[in-house]
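> Sequence and predicted structure are below.
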Amino acid sequence: MTPFGERLRQLRKAKGVSQKDMAAALGVSAAYLSALEHGRRGAPSWALVQKTIGYFNIIWDDAEDLERRAWSSHPRVTIDTGGLSPKATAFANLLAANVGRLAEGDLDALDEALRRALELDGSVPA
């Protein structure tokens, strides 16, 4: 599941609507909506994110949060380390091979450490 898919499901369930009804309202298929929720599709289009914000009547920080989640929801990430150091390539490969083995707490700690090292705040997609 992607960050966008997780939030989409939470919003849909809180509103008490089916995937079929929500998909019809957004102009997409229920299969596509299901794939978004389960992380089998990449980041949604800008237009779909905006339709979703309108559908749920989301404003301000919550709308920005949903947009950030959408842009950080590519389930098949590619990292090009061409031209970088061997250490960067080794790190990228280690992470790619083992990210599924990390516990949520470990992911939180790594996310925090990376953001701190890059001087990013929580509003910047990882």
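Happy to help now that I have it.
> Can you get me a residue count around the nearest residue to Asp121 once chain neighbours are set aside?
Take Asp121 and drop its neighbours on the chain: the residue closest to it by C-beta to C-beta, 6 or more residues apart in numbering is Arg115, 7.2 Å away. Placement of C-beta: from N, CA and C, glycine included. By other C-beta atoms under 10 Å, 14 other residues sit near Arg115.
> same question, Arg7
If you count neighbours by other C-beta under 10 Å, Arg7 ends up with 22.
> Might one say that it is in contact with Glu67?
No - contact criterion C-beta atoms under 8 Å: Arg7 and Glu67 do not qualify, at 10.6 Å.
> Helices of the protein, start to end?
Remark: helices assigned in the chain by DSSP state H are 3-15, 19-26, 30-38, 46-55, 60-71, 86-98, 104-118.
> tell me how far the last one is from the chain's mean position?
Relative to its parent chain, helix 104-118 has a centroid offset of 16 Å by C-alpha atoms, centre = their mean, to the nearest Å.
> State the distance from the residue nearest the centre of the chain to Lys20.
Residue closest to the average C-alpha location in the chain (C-alpha atoms, centre = their mean): Ser73, at 2.8 Å. In this view, Ser73 and Lys20 are 22 Å apart by C-beta to C-beta, to the nearest Å.
> what does Arg9 give?
14 Å.
> neighbour-wise, which of those two wins?
Arg9 (17 against 13).
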